[in-house]
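In: Build the 3D model from these lines:
(one chain, ligands or ions: 3)
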Amino acid sequence: MSESQIWDTVDEYVSARLSPDDEVLRAALRDSRAAGLPEIGVTAPQGKLLQLLAEIQGARHILEIGTLGGYSTIWLARALPADGRLISLEYDPKHAEVATRNLARAGLEKVAEVRVGPALESLPQLADENPPPFDLVFIDADKANNANYVEWALRLTRAGSVIVVDNVVRGGRVTDADTDAPDVRGTRAAIDLIASHPRLSGTAIQTVGAKGYDGFALARVVG
Ligand code: SAH
Ligand code: DHB
Ligand code: MG
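Out: Ligands and ions are numbered 1, 2, ... in the order given. Take a look at the predicted model:
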(Lines give C-alpha, C1' and ligand atoms only; values in the text may rest on other atoms or scores of the structure.)
(Ligands and ions follow the chains in the order given, each with its own letter.)
Protein backbone atom coordinates (compact mmCIF):
# COMPACT_ATOMS: atom_id res chain seq x y z
CA MET A 1 0.00 0.00 0.00
CA SER A 2 1.23 3.49 -0.80
CA GLU A 3 1.28 6.01 2.02
CA SER A 4 -1.81 7.83 0.73
CA GLN A 5 -3.69 4.52 0.36
CA ILE A 6 -2.99 3.88 4.03
CA TRP A 7 -4.36 7.35 4.88
CA ASP A 8 -7.54 6.54 2.90
CA THR A 9 -7.93 3.16 4.58
CA VAL A 10 -7.50 4.60 8.08
CA ASP A 11 -10.00 7.39 7.31
CA GLU A 12 -12.49 4.71 6.18
CA TYR A 13 -11.80 2.70 9.35
CA VAL A 14 -12.28 5.75 11.60
CA SER A 15 -15.32 6.97 9.67
CA ALA A 16 -17.09 3.63 9.86
CA ARG A 17 -16.75 3.54 13.65
CA LEU A 18 -16.62 7.14 14.90
CA SER A 19 -17.99 9.45 12.22
CA PRO A 20 -20.42 7.27 10.26
CA ASP A 21 -22.23 9.02 7.46
CA ASP A 22 -25.97 8.88 7.02
CA GLU A 23 -28.40 9.44 4.16
CA VAL A 24 -28.33 13.23 4.66
CA LEU A 25 -24.51 13.50 4.50
CA ARG A 26 -24.31 11.04 1.60
CA ALA A 27 -26.98 12.99 -0.32
CA ALA A 28 -25.15 16.27 0.34
CA LEU A 29 -21.96 14.86 -1.20
CA ARG A 30 -23.87 13.20 -4.06
CA ASP A 31 -25.72 16.41 -5.00
CA SER A 32 -22.56 18.51 -4.66
CA ARG A 33 -20.75 16.17 -7.04
CA ALA A 34 -23.70 16.10 -9.46
CA ALA A 35 -23.69 19.91 -9.56
CA GLY A 36 -19.99 19.89 -10.44
CA LEU A 37 -18.71 21.33 -7.16
CA PRO A 38 -15.04 20.54 -6.42
CA GLU A 39 -14.51 17.74 -3.91
CA ILE A 40 -12.50 19.81 -1.45
CA GLY A 41 -14.68 19.73 1.65
CA VAL A 42 -13.66 18.30 5.00
CA THR A 43 -13.60 14.54 5.47
CA ALA A 44 -16.09 12.81 7.78
CA PRO A 45 -13.59 12.52 10.67
CA GLN A 46 -12.79 16.22 10.28
CA GLY A 47 -16.50 17.07 10.14
CA LYS A 48 -17.00 15.12 13.35
CA LEU A 49 -14.10 17.05 14.92
CA LEU A 50 -15.84 20.32 14.03
CA GLN A 51 -19.08 19.02 15.54
CA LEU A 52 -17.27 17.93 18.72
CA LEU A 53 -15.46 21.28 19.04
CA ALA A 54 -18.79 23.10 18.73
CA GLU A 55 -20.35 20.78 21.31
CA ILE A 56 -17.40 21.09 23.73
CA GLN A 57 -17.69 24.83 23.27
CA GLY A 58 -21.44 24.71 24.01
CA ALA A 59 -21.77 26.80 20.87
CA ARG A 60 -25.05 28.59 20.23
CA HIS A 61 -23.76 30.87 17.47
CA ILE A 62 -21.44 29.62 14.74
CA LEU A 63 -19.92 31.50 11.79
CA GLU A 64 -18.53 29.65 8.78
CA ILE A 65 -16.59 31.35 5.98
CA GLY A 66 -16.66 29.13 2.88
CA THR A 67 -19.73 26.92 2.53
CA LEU A 68 -19.19 24.92 -0.69
CA GLY A 69 -22.06 22.36 -0.70
CA GLY A 70 -22.70 22.68 3.03
CA TYR A 71 -21.06 19.42 4.11
CA SER A 72 -19.02 20.96 6.95
CA THR A 73 -22.02 23.20 7.63
CA ILE A 74 -24.19 20.16 8.37
CA TRP A 75 -21.66 18.72 10.84
CA LEU A 76 -21.34 22.10 12.61
CA ALA A 77 -25.06 22.89 12.65
CA ARG A 78 -25.84 19.48 14.16
CA ALA A 79 -23.97 20.64 17.28
CA LEU A 80 -26.39 23.52 17.82
CA PRO A 81 -29.38 23.60 20.17
CA ALA A 82 -32.80 24.15 18.53
CA ASP A 83 -32.56 27.91 19.12
CA GLY A 84 -28.94 28.10 17.92
CA ARG A 85 -27.82 29.83 14.78
CA LEU A 86 -25.20 29.25 12.09
CA ILE A 87 -24.35 31.74 9.37
CA SER A 88 -22.22 30.51 6.48
CA LEU A 89 -20.70 32.87 3.91
CA GLU A 90 -20.24 31.75 0.31
CA TYR A 91 -19.02 33.64 -2.74
CA ASP A 92 -20.41 31.36 -5.46
CA PRO A 93 -24.22 31.49 -5.92
CA LYS A 94 -24.26 27.96 -7.34
CA HIS A 95 -22.44 26.58 -4.29
CA ALA A 96 -24.80 28.49 -2.00
CA GLU A 97 -27.84 27.09 -3.81
CA VAL A 98 -26.61 23.50 -3.54
CA ALA A 99 -25.75 24.07 0.14
CA THR A 100 -29.15 25.60 0.93
CA ARG A 101 -30.87 22.53 -0.55
CA ASN A 102 -28.55 20.20 1.37
CA LEU A 103 -29.26 22.04 4.63
CA ALA A 104 -33.02 21.89 4.03
CA ARG A 105 -32.82 18.14 3.41
CA ALA A 106 -30.90 17.87 6.69
CA GLY A 107 -33.74 19.66 8.49
CA LEU A 108 -31.36 22.46 9.41
CA GLU A 109 -32.96 25.32 7.45
CA LYS A 110 -34.18 26.95 10.69
CA VAL A 111 -30.73 27.11 12.30
CA ALA A 112 -28.38 27.43 9.31
CA GLU A 113 -28.37 30.25 6.77
CA VAL A 114 -26.12 30.72 3.73
CA ARG A 115 -25.30 34.29 2.69
CA VAL A 116 -24.07 34.81 -0.85
CA GLY A 117 -21.24 37.19 -1.69
CA PRO A 118 -17.55 37.80 -1.15
CA ALA A 119 -16.99 37.26 2.57
CA LEU A 120 -15.12 40.56 2.91
CA GLU A 121 -18.38 42.27 1.86
CA SER A 122 -20.70 40.04 3.90
CA LEU A 123 -18.65 40.39 7.10
CA PRO A 124 -19.07 44.19 7.53
CA GLN A 125 -22.78 43.79 6.73
CA LEU A 126 -23.01 41.10 9.37
CA ALA A 127 -21.13 43.27 11.89
CA ASP A 128 -23.61 46.12 11.24
CA GLU A 129 -26.39 43.82 12.45
CA ASN A 130 -24.68 43.60 15.87
CA PRO A 131 -25.13 39.84 16.11
CA PRO A 132 -24.51 38.04 19.42
CA PRO A 133 -20.84 37.00 19.57
CA PHE A 134 -20.03 33.83 17.66
CA ASP A 135 -18.81 31.02 19.89
CA LEU A 136 -16.99 29.28 17.05
CA VAL A 137 -15.73 30.51 13.68
CA PHE A 138 -14.68 28.07 10.95
CA ILE A 139 -12.53 29.77 8.29
CA ASP A 140 -12.42 27.71 5.08
CA ALA A 141 -12.71 29.99 2.03
CA ASP A 142 -10.09 31.73 -0.17
CA LYS A 143 -6.86 31.16 1.72
CA ALA A 144 -5.34 34.44 0.49
CA ASN A 145 -7.68 36.25 2.90
CA ASN A 146 -7.09 34.01 5.90
CA ALA A 147 -5.53 36.79 8.00
CA ASN A 148 -8.38 39.18 7.10
CA TYR A 149 -10.85 36.51 8.17
CA VAL A 150 -9.07 36.00 11.50
CA GLU A 151 -9.26 39.79 12.06
CA TRP A 152 -13.00 39.72 11.34
CA ALA A 153 -13.45 36.67 13.56
CA LEU A 154 -11.86 38.65 16.42
CA ARG A 155 -14.38 41.45 15.93
CA LEU A 156 -17.33 39.05 15.93
CA THR A 157 -16.40 36.83 18.89
CA ARG A 158 -15.90 37.05 22.68
CA ALA A 159 -13.31 35.88 25.20
CA GLY A 160 -13.49 32.09 25.09
CA SER A 161 -14.57 31.81 21.47
CA VAL A 162 -12.79 29.34 19.21
CA ILE A 163 -11.44 30.02 15.71
CA VAL A 164 -10.53 27.16 13.38
CA VAL A 165 -8.62 27.84 10.16
CA ASP A 166 -8.65 24.95 7.66
CA ASN A 167 -5.93 23.89 5.22
CA VAL A 168 -2.99 25.65 6.82
CA VAL A 169 -0.36 23.07 5.87
CA ARG A 170 -1.09 22.26 2.20
CA GLY A 171 1.46 19.48 1.82
CA GLY A 172 4.02 21.50 3.74
CA ARG A 173 3.89 24.53 1.44
CA VAL A 174 3.14 26.70 4.49
CA THR A 175 6.83 26.69 5.42
CA ASP A 176 7.85 28.40 2.14
CA ALA A 177 8.57 31.93 3.35
CA ASP A 178 9.65 33.17 -0.08
CA THR A 179 6.64 32.01 -2.10
CA ASP A 180 4.45 34.36 -4.10
CA ALA A 181 1.48 31.96 -3.85
CA PRO A 182 -1.37 34.07 -2.41
CA ASP A 183 -2.88 31.13 -0.49
CA VAL A 184 0.37 30.35 1.32
CA ARG A 185 1.07 34.02 2.00
CA GLY A 186 -2.44 34.49 3.38
CA THR A 187 -2.13 31.46 5.59
CA ARG A 188 1.31 32.48 6.87
CA ALA A 189 -0.14 35.93 7.67
CA ALA A 190 -2.95 34.25 9.62
CA ILE A 191 -0.47 32.11 11.58
CA ASP A 192 1.64 35.20 12.34
CA LEU A 193 -1.45 37.09 13.46
CA ILE A 194 -2.48 34.28 15.81
CA ALA A 195 1.11 34.17 17.12
CA SER A 196 1.40 37.91 17.75
CA HIS A 197 -2.10 38.98 18.72
CA PRO A 198 -2.52 39.59 22.46
CA ARG A 199 -6.10 38.26 22.36
CA LEU A 200 -5.30 34.98 20.60
CA SER A 201 -3.70 31.77 21.78
CA GLY A 202 -3.33 29.08 19.17
CA THR A 203 -1.62 26.14 17.61
CA ALA A 204 -1.60 24.27 14.30
CA ILE A 205 -1.94 20.54 13.80
CA GLN A 206 -0.77 18.59 10.75
CA THR A 207 -3.19 16.01 9.41
CA VAL A 208 -3.19 13.20 6.86
CA GLY A 209 -6.25 11.47 5.49
CA ALA A 210 -8.46 10.96 2.46
CA LYS A 211 -7.85 14.60 1.45
CA GLY A 212 -4.06 14.27 1.62
CA TYR A 213 -1.49 15.98 3.86
CA ASP A 214 -2.78 19.22 5.33
CA GLY A 215 -3.71 20.65 8.71
CA PHE A 216 -5.70 23.17 10.66
CA ALA A 217 -5.01 26.00 13.06
CA LEU A 218 -6.97 26.25 16.28
CA ALA A 219 -7.09 29.48 18.27
CA ARG A 220 -8.89 30.63 21.38
CA VAL A 221 -9.88 34.22 21.99
CA VAL A 222 -8.54 35.27 25.39
CA GLY A 223 -9.34 38.15 27.79
N1 SAH B 1 -16.31 24.36 4.23
C2 SAH B 1 -16.54 23.48 3.08
C3 SAH B 1 -15.48 23.67 2.02
C4 SAH B 1 -15.32 25.08 1.52
S5 SAH B 1 -14.37 25.15 0.03
C6 SAH B 1 -16.51 22.04 3.55
O7 SAH B 1 -15.53 21.67 4.22
O8 SAH B 1 -17.43 21.26 3.25
C9 SAH B 1 -14.14 26.87 -0.10
C10 SAH B 1 -15.39 27.65 -0.47
O11 SAH B 1 -15.09 29.03 -0.28
C12 SAH B 1 -15.81 27.49 -1.94
O13 SAH B 1 -17.16 27.14 -2.02
C14 SAH B 1 -15.57 28.87 -2.53
O15 SAH B 1 -16.52 29.25 -3.52
C16 SAH B 1 -15.71 29.77 -1.30
N17 SAH B 1 -15.06 31.06 -1.44
C18 SAH B 1 -13.95 31.36 -2.16
N19 SAH B 1 -13.68 32.66 -2.06
C20 SAH B 1 -14.62 33.21 -1.25
C21 SAH B 1 -14.89 34.53 -0.78
N22 SAH B 1 -14.10 35.56 -1.11
N23 SAH B 1 -15.94 34.72 0.02
C24 SAH B 1 -16.73 33.67 0.38
N25 SAH B 1 -16.54 32.42 -0.04
C26 SAH B 1 -15.50 32.18 -0.85
C1 DHB C 1 -9.02 23.69 -1.18
C2 DHB C 1 -9.87 24.37 -0.33
C3 DHB C 1 -10.29 23.77 0.83
O4 DHB C 1 -11.11 24.41 1.70
C5 DHB C 1 -9.89 22.49 1.15
O6 DHB C 1 -10.33 21.94 2.31
C7 DHB C 1 -9.05 21.81 0.30
C8 DHB C 1 -8.61 22.40 -0.87
C9 DHB C 1 -8.56 24.32 -2.43
O10 DHB C 1 -8.91 25.47 -2.71
O11 DHB C 1 -7.83 23.65 -3.19
MG1 MG D 1 -11.02 23.33 3.72
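
In: Could you use CA atoms for every contact and neighbour count after this?
Out: Will do.

In: residues contacting the most centrally placed residue in the chain?
Out: For the chain, the residue sitting closest to the mean C-alpha position, by C-alpha atoms, centre = their mean, is residue 138 at 3.8 Å. The contact partners of residue 138, by C-alpha atoms under 8 Å, 6 or more residues apart in numbering, come to 62-65, 163-166.

In: let's go with 6 Å and repeat that
Out: 64, 164 (C-alpha atoms under 6 Å, 6 or more residues apart in numbering).

In: Could you give the bridge partners of it?
Out: Counting by DSSP bridges, residue 138 forms beta bridges with residue 64, residue 164.

In: Give me the distance between it and ligand 3.
Out: With the distance defined as C-alpha to the ion, to the nearest Å, residue 138 ends up 9 Å from ligand 3.

In: So that residue versus residue 47, what's the distance?
Out: Between residue 138 and residue 47 the distance, using C-alpha to C-alpha, to the nearest Å, works out to 11 Å.

In: again with residue 22
Out: From residue 22 across to residue 47, the span is 13 Å (C-alpha to C-alpha).

In: neighbour count winner among those two?
Out: Counted by other C-alpha atoms under 10 Å, residue 22 and residue 47 do not tie: residue 47 has more neighbours, with 19 against 9.

In: how about the more buried one, what does it touch?
Out: Contact partners of residue 47, counting by C-alpha under 6 Å, 6+ apart, are 72, 75.

In: got a pLDDT number for it?
Out: Residue-level confidence at residue 47 comes out at 98, pLDDT.

In: Surely it is within a helix?
Out: Yes. Counting by DSSP: H, G, I helix; E, B strand; the rest coil, residue 47 is located in a helix.

In: Would you mind giving the secondary structure of residue 54?
Out: Residue 54 falls in the helix class when you classify it by three-state DSSP.

In: Tell me how far it lies from ligand 1.
Out: As judged by C-alpha to the nearest ligand atom, to the nearest Å, residue 54 and ligand 1 stand 15 Å apart.

In: Excluding chain neighbours, what is closest to that residue?
Out: For residue 54, the nearest residue in space outside its immediate sequence neighbours is residue 79; the separation is 5.9 Å by C-alpha to C-alpha, 6 or more residues apart in numbering.

In: got the contact list for the residue of the chain found nearest ligand 2?
Out: Using C-alpha to the nearest ligand atom, residue 40 is the residue of the chain that sits closest to ligand 2, at 4.4 Å. Applying C-alpha under 6 Å, 6+ apart, we find residue 40 in contact with no residue.

In: Which of the three states applies to it?
Out: Per three-state DSSP, the local secondary structure of residue 40 is coil.
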